[in-house]
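Student: Just a sequence and a predicted model for now, questions to come.
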There are 2 protein chains.
Amino acid sequence: MKTTVYVFLLISLSINLHAEDGHNLWLRNKNTGHVNVVCTRSSATLTIAIQELQQGWQGKEGAKIVLTLKNDKAIRNDGFKLSPDRIQANTDLGILYGVYELLRRQQTGEPVEEMICNPSYEVRVLNHWDNPDSSIERGYAGRSIFWRKGDNSLIVTDKDMALWKEYARADASIGINGAVLNNVNASPLMLSKEYLDRVKAIAEVLRPYGIKTYLSVKFSSPSLIGKLKTSDPLSPEVIKWWKNKVQEIYSMIPDFGGFLVKASSEGQPGPQDFGRTHADGANMLADALNPFGGIVMWRAFVYSPTDLDRAKQAYTEFMPLDGQFRDNVIIQVKNGPVDFQPREPFSPLFGAMKKTSVMPEFQVTQEYLGQAIHLVFLATMWEECLQSETYQEGAGSTVARCTDGSIYPQKHTAIAGVSNIGLDTNWCGHPFAQANWYAFGRLAWNNSLTSEKIADEWIKLTFAPVLPGQATSTLFSTEWTEHFLIPVRQMMLQSRETAVNYMMPLGFHHIFSANGHYGPGPWWAPKGMRSDWTPPYYHKADTNGVGFDRTHAGSDAVSQYHDPLGSQFNDLKTCPDKYLLWFHHLPWDYKMKNGRTLWDEICYHYETGLQQVREFQIIWDKVESYIDTERFTMVQSKLRNQCRNAQIWNDACLLYFQQYSRRPIPYDIKRPMNDLNVLMENDMKRR
Amino acid sequence: MKTTVYVFLLISLSINLHAEDGHNLWLRNKNTGHVNVVCTRSSATLTIAIQELQQGWQGKEGAKIVLTLKNDKAIRNDGFKLSPDRIQANTDLGILYGVYELLRRQQTGEPVEEMICNPSYEVRVLNHWDNPDSSIERGYAGRSIFWRKGDNSLIVTDKDMALWKEYARADASIGINGAVLNNVNASPLMLSKEYLDRVKAIAEVLRPYGIKTYLSVKFSSPSLIGKLKTSDPLSPEVIKWWKNKVQEIYSMIPDFGGFLVKASSEGQPGPQDFGRTHADGANMLADALNPFGGIVMWRAFVYSPTDLDRAKQAYTEFMPLDGQFRDNVIIQVKNGPVDFQPREPFSPLFGAMKKTSVMPEFQVTQEYLGQAIHLVFLATMWEECLQSETYQEGAGSTVARCTDGSIYPQKHTAIAGVSNIGLDTNWCGHPFAQANWYAFGRLAWNNSLTSEKIADEWIKLTFAPVLPGQATSTLFSTEWTEHFLIPVRQMMLQSRETAVNYMMPLGFHHIFSANGHYGPGPWWAPKGMRSDWTPPYYHKADTNGVGFDRTHAGSDAVSQYHDPLGSQFNDLKTCPDKYLLWFHHLPWDYKMKNGRTLWDEICYHYETGLQQVREFQIIWDKVESYIDTERFTMVQSKLRNQCRNAQIWNDACLLYFQQYSRRPIPYDIKRPMNDLNVLMENDMKRR
């Protein structure tokens, strides 16, 4: 019987099984009828808006849509007012966003009602960690779409422009309005005339879609390319050099967005090289940009090898500077206090800097979350961060509200996502990694969206059946919803917790293999290596116990959190299990709230994570008949790879920590398939 | 609580946890008291018997044991009569065997009652596939103990002799009385004076333990080393050459056992090169050996690339010769008709050759059963073969009874095991592979022993607690029995069926990776390769179905089996599932007796095999506190490796055959962790 059903499904849905290479992202659907668009103004952006409506219309055949530009105080920035037959906005870009909203609602089957949609953040920017040689730091989907290596690498081709246009369209369709075109570990080359020429060309392609260009700058550029003797931010000649450089940029790119700066961090030059503060450095650049409306996004990702607790350091260094920054400086803060780990508590800087603009930095590229191999939907992680309660201004002071202007009167609000795209046909390597690009844009636009809503939209747009002439939303049969949408959505929503389970449950962090941040490496601590780059610094396992003591009795990082949160984290009775080993060093036989020992609980988490991946494989295999072979096979293969890696995580961590716990893995758990010494040797060989 | 118990066990048994390197095999135990041995005769063998009694005595302190040599017709060959205070035999060797039986009973806690023990086979011989360069064909435990490579390789050292003595003792302790010292793919060198000198030295060490030496000979030796123009067995000069060579051997080794011959098989020279039959070849050698009491073991392992069914060929070629062989020729027949597969039906030659001596050849070394990595106890496989009903002389004509002289009046009876030993400290590579050496010896002595009995003995002798001064059998506490003996025995008894499940269930055979016979290779069929060396020849999978049709409608191999067996195999209703695809080509949706489709049943078998290995891991981890760390860790690591390999078998076979079945793997089964194309590519790379 089962066989018969299977064959039947294959036949009944064969119409949907043509190959899809993923290049169209969530923009696969075509119009199913004609629409009359009325628009009395014209601009490049409005032309796009009209084209999109005509190419993607799935509403009533022959309907009329009026695009109205009119100042309305209820509409902020690039927001818009949507009605069944009208889109109103203050700006051309607002109209375009309204068009994408309307088309998405048509495709996903959401009603189009009268509503005003305003963006949560003014600046919604992707950080591309792309290098001039076309490599991408933490890029897992091919080389840079912006930069090429080799001869003639700066010549702009038609192919370049076509790809940049597709990129801009994808960004705009989800509300992203900025792109930092190069790596935060910035090459000074980027400010040379030759490179700026290419930036100008990129900016021209991106502009109609409302995407502003930004650049990461190297703080020592005045010395490196300006041939000055210093890059001291208080030096008049340095100040002048930057003013001139900014002027040069704006003469080429009048709507240039500004600079992103990683300074005095991980070996990058910065104001501290000259005895100056982060504020001195940031303000100097801000002053140069201010006349043109440009901003400085100054990263708070700083830590030194001598500090006893890396997690405390950004707070320690930046809090004394609160109030000293220009109002066109925004401090860009990673979601957690360490570094994009599978799970961290939010950075205590959120909400704490009350007189300084602060923006969240999320990592869309999965540096620490399985790269382009693991299926990990990150919206749940970002939602967890954005909805975290800081208590900084009483209850309701979530990270979202502390950064989007709801609580503090920031001149600028912004949010950044470290991009996961590259030259791969499907942009992101893993078909499901596209969902993270999508989710970042959607959350940047609306930071109160739920992960479930985002996943739902993305699945419908990305995997919906396609039948010529038939509106997408009419194809969401009960069967499709039950057998495809719901299980795949559930898998996505579960996926980040699953990764946490098989990588770093219960507050473990940074126990990666040092080279690559992909596999496990809790053992990694070569002689002479700075300790805060080695996993034992973070897990502190010995025969007495495991975990980083950040309580009052330890590093006291808990005190960086506003009460009652600091006290909650400090107290074992109230500290959430998910942050347990982040804040506490505990004996292996510590009794968990569920009655298990800590050691057993660790084992069950790893096992659960592994088994969840195995469940994902079943979920995916079961949907085979609902999608095209190309994407089905690619995801199936990646899930197998993820499963192998999850097994290695499980084996490496259980066997490594077992050396200290000296306890058996509970016998109702499957045993490791690998030997610890072999895993360690292979890990060393890869270096 | 669990933890507490665990720690307690570690302490209570720590006395037993000293490292054991496995070199002592099943001969670990020392005496716990004094015994008075009375023996009126003396010989090298009797000296050993007396020493063994004194060194291993665990009976009543100060007891008296009388060793009596006396002719008794109830005692056959090297049999013996055992009583609590007396061992009686016809030969010195019989006395030695009686001593080992008595000591084993003391150690395992079996009662010593008055009983006569006669061996099932007269010749109980190990075949060592050792080459003069010290490599071992299908050897997985280091290089040869008999042959060394390099300069001075033929010089006999004290170390050589010490090792050969240990080897001889181990053999004798389980009843083995012969050793073929070199590979059946024989080097002609072996018959040169230099090599015969070394054979003589080996024979002298083995002789007191009752181990006769045999040699594999290359049929073309007269041409190759005798410089004759031919090796035609009917040529007078060839006949003379062999007579002289045999005479030379017996002048050096008066109790030399005889020759093992692989002729006209897999490219080896043989009588067919000269238009002669196997009988012509074997008889010529037999005539040369006969004056000295030597025998010829002539292998029936023959097949040609042109035959449509390799499984039929030995029968087809040898049956017409039945009755033409000298009575000192024994046809050596592998247990199954193809080649030591994880499971085959018995060779139809057993019982069918009624006028010719036939001996079983078992493979102790695990060429096709996971080599020295997988834990596979082979006694169950051999028991399955020996107890197979041939019906050749009515009910009760088992393979055992058809070969041990019970049914046919053979002049000589014999059984061969292809050895698994090498220079590894623990002899066999895998600690549990020692059990296969042990089991072969025990079954050769008594072919009606159960696998359970053999496993029970071996575990007790190999893993029993050791406390100085305390008889081993007194240490078999209820706890030890319940928590160690029973689960480990169960694992051993299950292990071969487990290997069949994850390698070749339901009658699949020879779907190995061609190079190495370790991993899966159902795809392997390079252009131009003779088809009977490629897996597709054996599985014959296509979109219509799978399996080798050996019914009347197919190759008719079923007709080589005596009715009612042939008819049972021919008829789907009566053919056992375990031989289903051996005898039948069936559609993927063929309905099994349990109601499942064939495809689903295949999937469940692979999955079951894999999960059984994972269960073995748990069983083994649970016994950690009962044995020494060295062997515990080694087996634990090998089980992990076995598990990884079982996963690869599962993935490779399910994904390969799924290309033809075009059916989903049942969704209650875990999915593959590997991609088929990657497995195939890796397999090709290894070649």
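Tutor: Looks like it arrived, so ask away.
Student: I'd assumed A:L581 was in contact with A:M592.
Tutor: No: with contact defined as Cβ atoms under 8 Å, A:M592 does not reach A:L581; the gap is 11.6 Å. For every residue, glycine as well, the C-beta is placed using N, CA and C.
Student: Of the two, which one has the most company?
Tutor: A:L581 (27 against 17; other Cβ atoms under 10 Å in any protein chain shown).
Student: Show the contacting residues for the more buried one.
Tutor: A:506-508, A:539, A:546-548 (Cβ atoms under 8 Å, 6 or more residues apart in numbering or on different chains).
Student: And it, what's its pLDDT?
Tutor: pLDDT for A:L581: 98.
Student: What strand or helix carries it?
Tutor: Per DSSP states H and E: A:L581 is located in helix A:580-583.
Student: next helix or strand past that helix?
Tutor: Downstream of helix A:580-583 (by DSSP H and E), the next one is helix A:598-622.
Student: quick one: the strands in chain A?
Tutor: Secondary structure of chain A, counting by DSSP state E: strands at A:35-39, A:63-69, A:80-83, A:86-89, A:115-117, A:123-127, A:178-180, A:212-217, A:258-261, A:295-299, A:329-334, A:357-363, A:414-418.
Student: So which helix or strand of chain A has the lowest pLDDT on average?
Tutor: None of the helices or strands of chain A scores lower by mean pLDDT, DSSP states H and E than helix A:2-12, at a mean of 38.
Student: so where do the helices sit in the stretch 351-500 of chain A?
Tutor: A:379-386, A:399-403, A:434-445, A:451-463, A:478-480, A:486-503 (DSSP state H, counting those that start in this stretch).
Student: Compare the ones you listed and report which one is nearest to B:A435.
Tutor: helix A:486-503 (36.4 Å; Cβ to Cβ).
Student: Just checking the closest one against chain B, any contact.
Tutor: No: shown here: helix A:486-503 not in contact with chain B (Cβ under 8 Å from any Cβ of the partner chain), separated by at least 11.5 Å.
Student: ditto for stretch A:539-553
Tutor: No: applying Cβ under 8 Å from any Cβ, one finds stretch A:539-553 out of contact with chain B, separated by at least 13.1 Å.
Student: about what we covered before: now, the contacts of A:L581 that are in helices?
Tutor: A:H539 (DSSP state H).
Student: which two in the contacts of A:L581 are spaced the farthest apart?
Tutor: A:L506 and A:F548 (11.9 Å).
Student: my guess is A:P337 meets A:E344, correct?
Tutor: Yes: using Cβ under 8 Å, A:P337 makes contact with A:E344 at a distance of 6.4 Å.
Student: Those two: which has the busier surroundings?
Tutor: More crowded of A:P337 and A:E344, by other Cβ under 10 Å: A:P337, with 28 against 23.
Student: what separates that one from A:N501, distance-wise?
Tutor: Distance check for A:P337 against A:N501: by Cβ to Cβ, to the nearest Å, it reads 22 Å.
Student: next one: A:F301
Tutor: A:F301 is 27 Å from A:N501, by Cβ to Cβ.
Student: neighbour count winner among those two?
Tutor: A:N501 (25 against 20).
Student: Which pLDDT does the model give the residue nearest to that one when sequence neighbours are not counted?
Tutor: Nearest non-adjacent residue to A:N501, counting by Cβ to Cβ, 6 or more residues apart in numbering or on different chains: A:G609, 2.8 Å away. Note on A:G609: pLDDT of 98.
Student: Over to the one 5 residues further on?
Tutor: Reported pLDDT at A:R614 in the predicted model: 98.
Student: Next: A:Q470.
Tutor: Taking A:Q470 on its own, its pLDDT is 89.
Student: now swap in A:S14 and tell me
Tutor: 38.
Student: What's the separation between A:K453 and A:M492?
Tutor: Distance, A:K453 to A:M492, using Cβ to Cβ: 12 Å.
Student: of those two, who's got more company?
Tutor: Higher neighbour count among A:K453 and A:M492: A:M492, with 26 against 15, using other Cβ under 10 Å.
Student: out of everything not next to it in sequence, what's closest to the more buried one?
Tutor: Spatially, and ignoring its direct neighbours in sequence, A:M492 is nearest to A:F377 (3.9 Å; Cβ to Cβ, 6+ apart).
Student: List phi and psi for the one you found.
Tutor: Backbone torsions for A:F377, taken as degrees, to the nearest 10, come to phi -90, psi 120.
Student: From what I see, it and A:T498 are in contact.
Tutor: No: counting by Cβ under 8 Å, A:T498 is not a contact partner of A:F377; they are 10.0 Å apart.
Student: Now do the contacts for the residue nearest to A:S406 when sequence neighbours are not counted.
Tutor: The shortest distance from A:S406 to any non-neighbouring residue, by Cβ to Cβ, 6+ apart, is to A:A400 (7.7 Å). The neighbours of A:A400, taking Cβ under 8 Å, 6+ apart as the test, are A:120, A:386-387, A:406, A:447-448.
Student: can you list the residues of the stretch 451-600 of chain A near chain B?
Tutor: Near chain B, when you scan the stretch 451-600 of chain A using Cβ under 8 Å from any Cβ, you find A:589, A:597.
Student: gap between the residue of the stretch 451-600 of chain A found nearest chain B and A:D600?
Tutor: Chain B sits closest to A:D589 of the stretch 451-600 of chain A, with a gap of 6.4 Å, by Cβ to the nearest Cβ. Going from A:D589 to A:D600 by Cβ to Cβ gives 9 Å.
Student: Touching both of the two, which residues are there?
Tutor: With Cβ under 8 Å, 6+ apart, A:D589 and A:D600 have common neighbours A:R663.
Student: ok, those two, which is more surrounded?
Tutor: A:D600 (22 against 14).
Student: residues contacting A:M115?
Tutor: A:81-82.
Student: Measure how buried the residue of the stretch 101-250 of chain A found nearest chain B is and give me the count.
Tutor: Using Cβ to the nearest Cβ, A:Y140 is the residue of the stretch 101-250 of chain A that sits closest to chain B, at 18.4 Å. Neighbours of A:Y140 under the rule other Cβ under 10 Å: 21.
Student: Identify the residues contacting the closest residue to it other than its chain neighbours.
Tutor: Closest residue to A:Y140 apart from its sequence neighbours, by Cβ to Cβ, 6+ apart: A:A372 at 3.6 Å. The contact partners of A:A372, by Cβ under 8 Å, 6+ apart, come to A:140-141, A:366, A:420, A:424, A:428-430, A:433, A:638.
Student: quick one: low-confidence ranges for chain A?
Tutor: A:1-19, A:686-687 (pLDDT under 70).
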